[in-house]
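S.K.: Build me a model from this:
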Amino acid sequence: MADTSDTRTPAQIEADIRRRREVLAETLDEIGVRVHPKTIVGDAKAKVVANVDHTIGKAYVQVNRVVTDVKAQFVDEKGAPRLERVVPVALVVVGVVGLLALGTRRRKG
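M.R.: So this is what the prediction gives:
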């Protein structure tokens, strides 16, 4: 059998009840804020923004890595251009642009 004797005074019991009511009221207020539609929408927006920021950050890192890799192909460690690689690519670009220009002229003429 459980001991049902309580040695607290009525004033102590009332103070305990008052504290518990205050804690319960705070808890209910917090629940009310959490389930409020504006809070739910705000949390959802924050999650979307965080995911977008994360995705953009990952994309930035990937693009930066690709640019760095491409740059390393055409520039040496000191920052000087690697002419043995730049010149052939430049010639190919000039050739492609020239062929496109000729193709455009032939269609118009």
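
S.K.: tell me what the lengthiest helix in the chain is packed against?
M.R.: In the chain, with assignment by DSSP state H, the single longest helix is helix 37-74. For helix 37-74, the packing partners by 3 or more Cβ pairs under 8 Å, 6 or more residues apart in numbering; DSSP states H and E come out as helix 83-108. C-beta coordinates here come from the backbone N, C-alpha and C atoms, glycine included.

S.K.: Would you mind splitting the chain into its domains for me?
M.R.: Following automatic domain parsing, one finds the domains of the chain at 9-74, 79-109.

S.K.: hey, least reliable of these by pLDDT?
M.R.: Sorting the domains of the chain by mean pLDDT places domain 79-109 lowest, at a mean of 87.

S.K.: one step back: so which bits of the longest helix of the chain are buried?
M.R.: By neighbour count on 16 or more other Cβ atoms under 10 Å, the buried set for helix 37-74 is empty.

S.K.: Quick one: work out the angle between it and helix 83-108.
M.R.: 110 degrees (axes from the mean of the first three to the mean of the last three Cα atoms, to 10 degrees).

S.K.: Centre of the chain to helix 37-74, how far?
M.R.: Centre-to-centre, helix 37-74 and its host chain are 5 Å apart (Cα atoms, centre = their mean, to the nearest Å).

S.K.: ok, now stretch 20-36?
M.R.: 32 Å.

S.K.: what does it contact?
M.R.: Where contact means Cβ atoms under 8 Å, 6 or more residues apart in numbering, the residues beyond stretch 20-36 that reach it are Thr39.

S.K.: Convert the C-alpha atoms of it to CSV, please.
M.R.: Output of stretch 20-36 as CSV, limited to C-alpha atoms (Å, rounded to 0.1, in the frame of the first residue of the first chain):
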residue,chain,number,x,y,z
ARG,A,20,2.3,23.6,-11.4
ARG,A,21,-0.5,25.7,-13.0
GLU,A,22,2.1,28.3,-14.1
VAL,A,23,4.3,25.6,-15.6
LEU,A,24,1.3,24.1,-17.3
ALA,A,25,0.3,27.5,-18.7
GLU,A,26,3.8,28.1,-20.1
THR,A,27,3.8,24.7,-21.7
LEU,A,28,0.4,25.3,-23.3
ASP,A,29,1.5,28.7,-24.5
GLU,A,30,4.6,27.1,-26.1
ILE,A,31,2.5,24.4,-27.7
GLY,A,32,0.1,27.1,-29.0
VAL,A,33,3.0,29.0,-30.6
ARG,A,34,4.5,25.8,-32.2
VAL,A,35,1.2,24.7,-33.8
HIS,A,36,0.2,28.2,-34.9
